[in-house]
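# turn this into a structure:
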Amino acid sequence: MTVGERARSAPRWPGTVETDPILATVTPFARDGAVDTGALREYLGFLHHAGVPAILVNGTTGEFSSLTVAERKSILEHAREYWPGQLIAHIGATAYGDALELLDHARHHADAVAAIAPYFFADPPEAGVREFFGVLLARTELPLLLYNFPRHTQTQISPALLAALAAEYPMLAGIKDSGGDLEVTSAYAATGAAVFVGSDGAAARIRELGVHGIVSGGGNPVPELPVRIAAAVREGDVDAAGRWQAVFDECRALRHGSGLTDIAFVKAALAERVPGFPAAVRSPLVTAGDAAIAEIRAHLRHTILPRVHEATP
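All right, here's what the predicted structure looks like:
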């Protein structure tokens, strides 16, 4: 039985499978620009050791838009080899052919897939967006998450569209929402679909928001923090969740004040946790300079990580 067949036999995803937090992985690049699979192996081992239950590969944090279809396939294959937990593959692409090729490939390697709304087209008709997702949902053998990120796609997935697609396609599991509009997030949750928010600042508030969990890219250098926040939320320990969230917020402030893009910052910071992890990003993003990397690592080492390593914040 394939991964896809197992997923199709389940009535809902994630069901009883723990998926909070989901870490959106970065893609390490070697000096020659190729994907560094050795660094990927060490990095995924680090996340697993920290207790991360689920990852999403080839997403925004993974620089999917700078990767070829062949590279995205290879990354997923290596991730499946190295990762023992839940694995979500982002298969989104503007070209149907690419998205369908990635979808067919993912059914052999992933537990679920995600697909961003078609990008480049500014504010396309909702009927067209529905048709786009419908093609993928009719084809998939894996639970599929829609991916709302209007800042980059210029397309808002409406709650009404989510509800309509969920009613028509049983393999629609829910939505990853990186839109930042809590009213829209609440409306998504009201449809009954699983909602995962792309906001590190919401980690301790998922019950309040009525969502299933977070998808975190910024948590990569300190995965212990979203893991502990999620555990505290599950246990109903509001105080502990809030204390760990405060430490996580310090990491967010460091990232936002660095002057770097989020992806460049995360890769620079990961070198403090995964020895030798490459900081390179693909253009048009810009890799952090040596001075910035040293400053970020020093701040983590002396200010953030001592608190991470404590039993209580």
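# C-alpha from now on. contacts and neighbour counts both.
Will do.
# starting at the chain centroid, how far to stretch 49-59?
How far stretch 49-59 lies from its chain's middle: 8 Å, per CA atoms, centre = their mean, to the nearest Å.
# just the CA trace of it, in PDB.
Taking Å, rounded to 0.1, in the frame of the first residue of the first chain, the C-alpha atoms of stretch 49-59 are listed here in PDB:
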ATOM      1  CA  HIS A  49      15.700  15.700  17.900                       C
ATOM      2  CA  ALA A  50      14.000  18.900  19.000                       C
ATOM      3  CA  GLY A  51      10.600  17.100  18.900                       C
ATOM      4  CA  VAL A  52       9.100  18.600  15.800                       C
ATOM      5  CA  PRO A  53       6.300  16.400  14.700                       C
ATOM      6  CA  ALA A  54       5.800  17.600  11.100                       C
ATOM      7  CA  ILE A  55       7.500  19.500   8.300                       C
ATOM      8  CA  LEU A  56       6.500  21.200   5.100                       C
ATOM      9  CA  VAL A  57       9.100  21.100   2.400                       C
ATOM     10  CA  ASN A  58       9.400  23.200  -0.800                       C
ATOM     11  CA  GLY A  59       7.300  26.000   0.600                       C
END
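# buried ones in that stretch, by neighbour count?
Val52, Pro53, Ala54, Ile55, Leu56, Val57, Asn58, Gly59 (16 or more other CA atoms under 10 Å).
# what would these look like in JSON lines with distance to Ala298?
Converted to JSON lines, these look like this (distance: CA to CA, whole Å):
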{"residue": "Val52", "distance to Ala298": "24"}
{"residue": "Pro53", "distance to Ala298": "28"}
{"residue": "Ala54", "distance to Ala298": "28"}
{"residue": "Ile55", "distance to Ala298": "27"}
{"residue": "Leu56", "distance to Ala298": "28"}
{"residue": "Val57", "distance to Ala298": "28"}
{"residue": "Asn58", "distance to Ala298": "29"}
{"residue": "Gly59", "distance to Ala298": "28"}
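# how about Ile55, secondary structure?
Following DSSP: H, G, I helix; E, B strand; the rest coil, Ile55 is assigned to strand.
# contacts only, for it.
For Ile55, the contact set (CA atoms under 8 Å, 6 or more residues apart in numbering) comprises Ile22, Leu23, Ala24, Thr25, Gly85, Gln86, Leu87, Ile88.
# wait, which of those residues is closest to Arg297?
Thr25 (19.1 Å; CA to CA).
# before we move on, back to that, could I get the contacts of Ile55 as a markdown table with neighbour count and secondary structure?
Shown next, in a markdown table, are the contacts of Ile55 (neighbours: other CA atoms under 10 Å; DSSP: H, G, I helix; E, B strand; the rest coil):
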| residue | neighbour count | secondary structure |
| --- | --- | --- |
| Ile22 | 27 | strand |
| Leu23 | 28 | strand |
| Ala24 | 25 | strand |
| Thr25 | 28 | coil |
| Gly85 | 17 | coil |
| Gln86 | 19 | strand |
| Leu87 | 23 | strand |
| Ile88 | 28 | strand |
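# tell me how far Thr185 lies from Glu126.
18 Å (CA to CA, to the nearest Å).
# one more: Thr191?
According to CA to CA, Thr191 and Glu126 sit 18 Å apart.
# got the phi/psi numbers for Val197?
Main-chain dihedrals, Val197, degrees, to the nearest 10: phi -100, psi 140.
# quick one: contacts for Thr191?
So Thr191 contacts Pro159, Leu162, Ala163 (CA under 8 Å, 6+ apart).
# so the second one is in which element?
Leu162 belongs to helix 159-168 when assigned by DSSP states H and E.
# JSON lines for the contacts of Ile55, including pLDDT and distance to Ile296?
Putting the contacts of Ile55 into JSON lines (pLDDT from 0 to 100; distance: CA to CA, whole Å) gives the following:
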{"residue": "Ile22", "pLDDT": "97", "distance to Ile296": "24"}
{"residue": "Leu23", "pLDDT": "98", "distance to Ile296": "20"}
{"residue": "Ala24", "pLDDT": "98", "distance to Ile296": "20"}
{"residue": "Thr25", "pLDDT": "99", "distance to Ile296": "19"}
{"residue": "Gly85", "pLDDT": "94", "distance to Ile296": "29"}
{"residue": "Gln86", "pLDDT": "95", "distance to Ile296": "30"}
{"residue": "Leu87", "pLDDT": "96", "distance to Ile296": "29"}
{"residue": "Ile88", "pLDDT": "97", "distance to Ile296": "29"}
